[in-house]
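predicted model, plus sequence, below.
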Amino acid sequence: MSTAQTPVTPSTGKLILAWALVGVPLAYGVYETLTRVAGLFG
């Protein structure tokens, strides 16, 4: 039994919003971590 499915393409705006919701806090966390590590070794 094979059923044909049409591919689901999310809108570009939703995709950008989803990546921003994940990427911004992640980038902030990486930045904070690197600045604190630099303080330990600097």
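Great, that's in hand. Numbering: from 1, shown residues only.

which other helices and strands contact the one helix or strand residue 23 maps to?
For residue 23, the enclosing helix or strand under DSSP states H and E is helix 12-41. The contact analysis (3 or more C-beta pairs under 8 Å, 6 or more residues apart in numbering; DSSP states H and E) places helix 12-41 against no helix or strand. C-betas here are computed from N, CA, C, even on glycine.

now do that helix, average pLDDT.
Averaging pLDDT along helix 12-41 gives 96.

mind listing what's buried along it?
Buried positions in helix 12-41, judged by neighbour count with 16 or more other C-beta atoms under 10 Å: none.

chain center to it: distance?
How far helix 12-41 lies from its chain's middle: 8 Å, per C-alpha atoms, centre = their mean, to the nearest Å.

stretch 33-42 now?
How far stretch 33-42 lies from its chain's middle: 24 Å, per C-alpha atoms, centre = their mean.

may I have that stretch exported as CSV, CA atoms only?
What follows is stretch 33-42, C-alpha atoms only, in CSV (Å, rounded to 0.1, in the frame of the first residue of the first chain):
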residue,chain,number,x,y,z
THR,A,33,30.6,30.9,28.3
LEU,A,34,33.5,32.1,26.2
THR,A,35,33.8,35.4,28.1
ARG,A,36,33.8,33.6,31.4
VAL,A,37,36.4,31.0,30.2
ALA,A,38,38.6,33.8,29.0
GLY,A,39,38.4,35.4,32.4
LEU,A,40,39.6,32.1,34.0
PHE,A,41,42.7,31.9,31.7
GLY,A,42,43.3,35.6,31.2
